[in-house]
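> I need the structure of the sequence given here:
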Amino acid sequence: MTLAELAERLHATLHGDGSIVITAVRGLEDAGPSELTFVANPKYSALARSTRAAAILVAPDFPDLDIPTLRLDNPYLAFAQALAFFYQPPAYAAGIHPTAVIDPSASLGPGAHVGAYAVLAANVHIGANATILPHVVLYRDVTIGDHFFAHAHAVVREGCQLGDHVTLENGAIVGADGFGFAKDEFGRWHKIPQSGPVLIGSHVDIQANACIDRATVGNTLINDGAKIDNLVQIGHGSRIGKNTLVCAQAGLAGSSTVGDNAILAGQAGVAGHCSLGDGVILTAQSGVSHDVPAGRMLSGSPAFDNRAWLRAVAAFQRLPDLVRRLASIERKLASAEQSSTTAHQEETPHAAS
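Purely as a prediction, here's the structure:
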């Protein structure tokens, strides 16, 4: 594909030779003479000047470069779109593997691919163009929309409902029992039935080994466009808003709520029954045990305002020096006080005589 053709498909403004043939898309430092790359952050402008790439995707106001550029408002999104032009994931032909186990009451829309040893239990209903890879298990009464894609060993438990264009990566578990136990007078824990299903909207991606628990009562809800990363734990009865990102190893305790367009970075944690408003950002390893208003960015554990946290971290790194300085000041004050006391004691008899 020529650079001019690529610019047209991406709706980008081309600066430079449009006849260059692009064969692949690669990162800034690794791209070669026939490959396209991108720069989304101006701090990488030095690398942009030294790259071996044939052309670069940049923002309209990015400084001029010696190599061709494709200029547009969102270079990172354009990079993802360009990557899709050159890389196509494996395609799976429609059909059902003979080892798959499908209950007679289950239904599959047209174009379905069902892999080896997959299991579809009673009253499972799936829309058109599903791809269900080996060892996927869908419990009874599961309902799923069109363009469902489940990688090997994904599981959807009983009664859960998924919308259109939902992707489950390997080992994702939707609807496992929430962690609910009640203690009796003898100190023994008794399991609380987890009766409520997980409801998942459309265009939701759930990455490998993420766990979304079913609710004790009511339901657990993942709204349209949410993206759940690897090893994430969503506790029973929680709510995740539209287009919210929950990144790797983050965890939400039961009945927590996260608004739309929020970001929970890696290993962030939210205590039970907390509510985070729209657009909230928790930076990596932040821990929240209180409600957070919309639009706030928090850091630390316990989490507080990100700007205050940055100042606190800077101060924390200076603590050893501050302690030494304080100790030195205390010694000087003690010495001065001792000298003053001694002088006073020496002057007192003279005054009395």
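> need the contact list for residue 102.
Contacts for residue 102 (Cβ atoms under 8 Å, 6 or more residues apart in numbering) come out as 96, 108, 114, 119, 120. Yep, even glycine has a C-beta here, placed from its N, CA and C like the rest.
> recalculate using a threshold of 7 Å.
Contacts of residue 102 were listed using Cβ atoms under 7 Å, 6 or more residues apart in numbering, and they are 96, 120.
> show me what it is bridged to.
In this structure, residue 102 has beta-bridge partners residue 120, where bridges are defined by DSSP bridges.
> how far away is it from residue 137?
Residue 102 sits 12 Å away from residue 137, taking Cβ to Cβ, to the nearest Å as the criterion.
> got it, and residue 220?
From residue 220 to residue 137 the distance is 19 Å (Cβ to Cβ).
> more crowded one of the two?
residue 220 (29 against 19; other Cβ atoms under 10 Å).
> skipping its backbone neighbours, what lies nearest that one in space?
When the adjacent residues along the chain are set aside, residue 220 lies closest to residue 198, with 4.6 Å between them (Cβ to Cβ, 6 or more residues apart in numbering).
> count the residues that sit near that neighbour.
Close neighbours of residue 198, defined as other Cβ under 10 Å, add up to 27.
> residue contacts, it?
With Cβ under 7 Å, 6+ apart as the criterion, the residues that contact residue 198 are 160, 174, 175, 212, 214, 219, 220.
> so which residues of the chain form helices?
Counting by DSSP state H, the chain forms helices over residues 3-10, 45-50, 75-86, 306-317, 319-352, given from the N-terminal end onward.
> and for the second one, what's in contact with it?
Contacts with helix 45-50, where a contact means Cβ under 7 Å, 6+ apart, come from 28, 29, 39, 56, 63, 65.
> any idea of the mean pLDDT for it?
This predicted structure assigns helix 45-50 an average pLDDT of 86.
> check the first one too.
Model confidence over helix 3-10 averages 95 on the pLDDT scale.
> list the buried residues of that helix.
By neighbour count on 16 or more other Cβ atoms under 10 Å, the buried set for helix 3-10 is 3, 4, 6, 7, 10.
> the nearest residue to residue 27 once chain neighbours are set aside: what's it in contact with?
Residue nearest to residue 27 in three dimensions, not counting chain neighbours: residue 37, with 6.3 Å by Cβ to Cβ, 6+ apart. The neighbours of residue 37, taking Cβ under 7 Å, 6+ apart as the test, are 26, 27, 28, 31, 51, 53, 56.
> the second one: how many residues sit nearby?
What that stands for is residue 27. With neighbours defined by other Cβ under 10 Å, the count for residue 27 comes to 13.
> where does it land on pLDDT?
As summarised for this prediction, residue 27 has a pLDDT of 89.
> same question, the last one
What the model reports as pLDDT for residue 56 is 95.
> how close does the closest residue to residue 26 other than its chain neighbours sit to residue 85?
Of all residues not flanking residue 26 in the chain, residue 35 sits nearest, at 4.7 Å (Cβ to Cβ, 6+ apart). As judged by Cβ to Cβ, residue 35 and residue 85 stand 13 Å apart.
> and what of residue 303?
When residue 303 is compared with residue 85 (using Cβ to Cβ), they lie 41 Å apart.
> name the residue in these two with the higher neighbour count.
Remark: of residue 303 and residue 85, residue 303 carries more neighbours, 23 against 16, as counted by other Cβ under 10 Å.
> what sits against the more buried one?
For residue 303, the contacting residues are 282, 286, 287, 288, taking Cβ under 7 Å, 6+ apart as the criterion.
> the last one against residue 273, yeah?
No. Taking contact to mean Cβ atoms under 7 Å, the distance of 11.4 Å between residue 288 and residue 273 leaves them out of contact.
> between the two, which one's more packed in?
When neighbours are counted by other Cβ under 10 Å, residue 288 comes out ahead of the other of residue 288 and residue 273, with 24 against 14.
> list the contacts of the residue positioned nearest the centre of the chain.
Taking Cα atoms, centre = their mean, the centroid of the chain lies closest to residue 247, which sits 2.2 Å from it. The neighbourhood of residue 247, defined by Cβ under 7 Å, 6+ apart, consists of 229, 264, 265, 266.
> among the buried residues of helix 3-10, which one lies nearest to residue 320?
Sorting the buried residues of helix 3-10 by how near they are to residue 320, with Cβ to Cβ, puts residue 10 at the top with 52.3 Å.
> and that closest one, how far is that from residue 60?
The span separating residue 10 from residue 60 equals 13 Å under the rule Cβ to Cβ.
> over to residue 288?
38 Å.
> cool, residue 21 as well?
25 Å.
> residue 81 and residue 65: what is the separation?
Residue 81 sits 21 Å away from residue 65 when distances are taken as Cβ to Cβ.
> so who does residue 132 touch?
Neighbours of residue 132 in contact, by Cβ under 7 Å, 6+ apart: 113, 114, 115, 118, 150.
> many thanks, have a good one.
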